[in-house]
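Asks: model this:
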Amino acid sequence: MKRLIFLIAAAALGGCGVETASTAATAAALKKQELEQSKKTLEQAQQKIGQAMEQLQQSQQSREAAEK
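Replies: Numbers count the residues shown, from 1 in each chain. Got it, this is the predicted structure:
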C-alpha cells in the first residue's frame, strides 16, 4: 500500500515538473520574441532619427546658401 501511495505521489510530482518546464520554455520563447521586436523598434527609431538629422542639415545648408 505504501508503494502505491509513493508511486502515485511520484507520478503527480513528475507531471508538475513537466508542466513547469513547458511553462518556462513558453515564457522564454515569448521573451525572445519580445526582445526581437524591441530590436526592430530600436532600429526603426534610429533610422527615423538619422533621417531627421539629414533633413535638418539640408535645411540649414539651404538657409546658409540663401543668405549668401
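Asks: what strand or helix carries Leu30?
Replies: Assessed by DSSP states H and E, Leu30 sits inside helix 2-67.
Asks: off-centre distance for that helix?
Replies: When C-alpha coordinates are averaged (C-alpha atoms, centre = their mean, to the nearest Å), helix 2-67 and its chain have centres 0 Å apart.
Asks: now that helix: average pLDDT?
Replies: Helix 2-67 shows a mean pLDDT of 84.
Asks: name the helices or strands packed onto that helix?
Replies: With contacts defined as 3 or more C-beta pairs under 8 Å, 6 or more residues apart in numbering; DSSP states H and E, helix 2-67 has no helix or strand neighbours. (Glycine included, C-beta is placed from N, CA and C.)
Asks: gap between Leu47 and Thr41?
Replies: Heads up, residue 47 is Gln, not Leu. Distance, Gln47 to Thr41, using C-beta to C-beta, to the nearest Å: 11 Å.
Asks: actually Glu67, sorry about that
Replies: Taking C-beta to C-beta, one finds Glu67 at 39 Å from Thr41.
Asks: of these two, give the one with the bigger neighbour count.
Replies: Thr41 (10 against 6; other C-beta atoms under 10 Å).
Asks: the more buried one and Ser62, how far apart?
Replies: Distance check for Thr41 against Ser62: by C-beta to C-beta, it reads 32 Å.
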